[in-house]
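Novice: Sharing a sequence plus its predicted fold:
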Amino acid sequence: MPPINKQLAGLATMSPARLRAEWRRLHRGQTLTAGLTSSQLIRSIAWRLQEKMLGGLPAPRVRELDRLADQLHRDGELQIASDQSLKAGSQLVRHWHGSVHTVTVLDQGFEFEGQHYSSLTQIARHITGAAWSGPRFFGLKNRRNR
């Protein structure tokens, strides 16, 4: 089997029929949703390939996503807890100007590029060279609707 990077790159050259066949091969027993675009199929296949190689979501996260999907189907809206807490060992990943930046949450502060920081804002400033809200930069807070 070719390395994952070659498999992922090869998806872009596949015909829609070949993408559907590859999706079915990787998602045995699941029904392929009609009307998916080639782009959607590529993303789904890429996710599945990476999931098989690197492991999937932790069971508690899958249960939370299932709960949210049920809530959305039942109520037509979602209620997401706003009091996010970061657990030690969690990793925050941010793509910025073509680079991937990974921060590890510690019991006290954060680790980035082998250095300890007391706040995400310090890390965001280090990455961007500008004054950013660290939680907003890492997608933990959304801009309020005006």
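Specialist: Great, that's in hand.

Novice: in the chain, which residue is closest to the centre?
Specialist: With distances taken as CA atoms, centre = their mean, the residue of the chain nearest its centroid is Val93 (8.5 Å).

Novice: residue contacts, that residue?
Specialist: Val100, His101, Thr102, Val103 (CB atoms under 8 Å, 6 or more residues apart in numbering). For glycine as for every other residue, the C-beta is placed from the backbone atoms N, C-alpha and C.

Novice: again, only using 10 Å
Specialist: Shown in contact with Val93 (CB atoms under 10 Å, 6 or more residues apart in numbering): Val100, His101, Thr102, Val103, Phe138, Gly139.

Novice: Over to Arg24?
Specialist: Gln30, Thr31, Leu32.

Novice: Is it possible to get CSV of the residues you listed that adds secondary structure?
Specialist: Below are the contacts of Arg24 laid out as CSV (DSSP: H, G, I helix; E, B strand; the rest coil):
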residue, secondary structure
Gln30, coil
Thr31, coil
Leu32, coil
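
Novice: ok, back up a step: tell me the bridge partners for the residue nearest to the centre of the chain.
Specialist: Thr102 (DSSP bridges).

Novice: now the contacts of Val93: which count as buried?
Specialist: His101, Val103, Phe138 (16 or more other CB atoms under 10 Å).

Novice: Could you single out the nearest of these to His73?
Specialist: Among the buried ones among the contacts of Val93, Phe138 lies closest to His73 (CB to CB), at 29.6 Å.

Novice: can you tell me which residues contact the closest one?
Specialist: Counted by CB under 10 Å, 6+ apart, Phe138 has contacts 86, 92-94, 101, 103, 110, 120-121, 123-124, 127, 132.

Novice: where do the strands sit along this protein?
Specialist: Along the chain, counting by DSSP state E, strands occupy 91-96, 99-105, 110-112, 115-117.

Novice: Identify, out of those strands, the most deeply packed stretch.
Specialist: Mean neighbours per residue, mean count of other CB atoms under 10 Å, is largest over the strands of the chain for strand 110-112, with a mean of 18.
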